[in-house]
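Asks: just coords:
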Ligand code: OOG
Ligand code: NI
């Protein structure tokens, strides 16, 4: 008799990404349109620009997704870390969206594969934010206590699921027979809850921030967007607009340029209001609507070195970054490599290392564009002490440094 077939964590990751995508497509129709238009844009772009595949094969780019979730506490984030480890996804980078031009009360990391071969097999990543309840500018002592008590009594994941995830992560594989059930249970944990929402509690949190209500006003977490990758985001934007889907005003991140694409460009659209159940103060349950799930699309470019990133931040501080771009960045990969601004495998300008992470200003812009407006932060000192080290300690895991990973990929040579 043959031994049971095993699936490795990357195969589970591919199944997880595909199953989340199927769930999202079934529930958010505009996502299906976005995925179709993205695939067309990629095919057309490649037909006109044979070099477009230098940043990733058509197969990888068209299958590629990132998702986003939001949780309330370090304990919840640690459970997410346990679960995602079974899919070969570990925390990379620290994003403090409270420091954005218009602050969002969360701190974030991204769970993703980190080895070049793992990224090539399936690069699925999830931008994961945690509510910053320790920040007094958003949460006074009384509210903080009530939010933390609410979070402490809810359970985002079945403990048996987390225990199984830990074992799979430790082994590096699971039986093929078990895989679909495991992935199915993981995906179900990120579906929109059908449970009635306490209207008064949700509204109270909405006064602080739409994000606070979305995270701590409900009994579960949910995928709030799944993002396909395109080779030409300007063209995607035009085609979606032509189909009558109103996109946010601007593409976030670097401007369109004639030179090498750098980092990450993103744009999004607001999802339709979805029916949800609310429990009113008098105990009755009513059907109302919420707009919490949206659509986003991204285009990825070459990863910048710390020196390149400084240039980027300086260029983006200009009134019109597109106009001054050439003052900060050369127009060829060869020059980018020669000046040490971006990562290339073995220093070969024809082999860019793709940016696999996120941008805090863009992330804040994406959050912002999908909220109905936000209250001002109170004028008190922030003594929350949030930092990368704090977050790593709170979830008891190292948080990887993106630059160290890019440097390793650049040294490894051809992937
Ligand atoms: C996350 C927004 C950030 C991105 O691609 O920058 C993000 C969220 O809305 O929860 O997904
Ligand atoms: Ni996103």
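Replies: That came through, no problem. These figures come from a predicted structure and were not determined experimentally. Ligands and ions are numbered 1, 2, ... in the order given.
Asks: name the SS class of the spatially most central residue of the chain, please.
Replies: Among the residues of the chain, the smallest C-alpha distance to the mean C-alpha position (Cα atoms, centre = their mean) belongs to residue 127, namely 2.7 Å. The three-state label given to residue 127 by DSSP: H, G, I helix; E, B strand; the rest coil is strand.
Asks: list the buried residues in stretch 329-349.
Replies: Buried positions in stretch 329-349, judged by neighbour count with 16 or more other Cβ atoms under 10 Å: 329-330, 333, 336-337, 341-345, 349. Every C-beta, even on glycine, is put in place using the N, C-alpha and C of the backbone.
Asks: is it true that residue 247 touches residue 270?
Replies: No: with contact defined as Cβ atoms under 8 Å, residue 247 and residue 270 do not form a contacting pair (9.1 Å).
Asks: so, low pLDDT: which residues of the chain?
Replies: Counting by pLDDT under 70, the chain contains low-confidence residues at 1-3, 373-375, 413-415.
Asks: cutoff 50 now
Replies: 1, 414-415 (pLDDT under 50).
Asks: thinking again about what came up before, which two of the buried residues of stretch 329-349 have the greatest separation?
Replies: By the measure Cβ to Cβ, 329 and 345 form the most distant pair in the buried residues of stretch 329-349, at 19.9 Å.
Asks: for stretch 93-107, measure first residue to last.
Replies: Terminal residues of stretch 93-107 are spaced 11 Å apart (Cα to Cα, to the nearest Å).
Asks: contacting residues around that stretch?
Replies: 70, 108-110, 129-132, 135, 137-139, 208-209, 211-212, 215, 357-358, 360-361, 363-365, 367-368, 374, 377, 382, 386-388, 391, 399-402 (Cβ atoms under 8 Å, 6 or more residues apart in numbering).
Asks: which of these fall within strands?
Replies: Mapping these onto strands (DSSP state E) picks out 70, 108-110, 129-131.
Asks: with distance to residue 62 and neighbour count added, can I get those in TSV?
Replies: Formatted as TSV, these follow (distance: Cβ to Cβ, whole Å; neighbours: other Cβ atoms under 10 Å):
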residue	distance to residue 62	neighbour count
70	27	23
108	26	25
109	26	28
110	21	24
129	27	25
130	31	23
131	34	28
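Asks: so which of the residues you listed comes closest to residue 194?
Replies: Proximity of the ones in strands among the contacts of stretch 93-107 to residue 194 (Cβ to Cβ) peaks at residue 70, which lies at 18.7 Å.
Asks: quick one: the closest one and residue 342, what's the gap?
Replies: Here residue 70 is placed at a distance of 31 Å from residue 342 (Cβ to Cβ, to the nearest Å).
Asks: next one: phi and psi at residue 112?
Replies: Backbone torsions of residue 112, given as degrees, to the nearest 10, read phi -160, psi 160.
Asks: who's the residue in the stretch 51-200 of the chain that ligand 2 sits nearest to bridged to?
Replies: With Cβ to the ion, the shortest gap between the stretch 51-200 of the chain and ligand 2 falls at residue 68, namely 4.8 Å. Assessed by DSSP bridges, residue 68 has beta-bridge partners residue 127, residue 225.
Asks: got the residues of the stretch 51-200 of the chain near ligand 2?
Replies: When proximity is defined as Cβ under 5 Å from the ion, the stretch 51-200 of the chain approaches ligand 2 at residue 68.
Asks: need the residues of the stretch 51-200 of the chain near ligand 1, please.
Replies: 68, 70, 127, 129 (Cβ under 6 Å from any ligand atom).
Asks: rerun at 8 Å
Replies: 66-70, 106, 108, 127, 129 (Cβ under 8 Å from any ligand atom).
Asks: now the contacts of stretch 93-107: which count as buried?
Replies: Using 16+ other Cβ under 10 Å, the buried ones in those are 70, 108-110, 129-132, 135, 137-139, 208-209, 211-212, 215, 357-358, 360-361, 363-365, 367-368, 374, 377, 382, 386, 388, 391, 399-400, 402.
Asks: now residue 136. Nearest residue, chain neighbours left out?
Replies: Leaving aside its sequence neighbours, residue 136 sits nearest to residue 380 (Cβ to Cβ, 6 or more residues apart in numbering; 5.2 Å).
Asks: now do residue 24
Replies: Excluding the flanking residues, the one nearest residue 24 by Cβ to Cβ, 6+ apart is residue 226, at 4.8 Å.
Asks: ok now do the one you found, which residues does it touch?
Replies: Going by Cβ under 8 Å, 6+ apart, residue 226 touches 20-21, 24, 31, 65-67.
Asks: I'd like those residues laid out as CSV, including secondary structure.
Replies: Formatted as CSV, the contacts of residue 226 follow (three-state DSSP):
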residue, secondary structure
20, helix
21, helix
24, helix
31, helix
65, strand
66, strand
67, strand
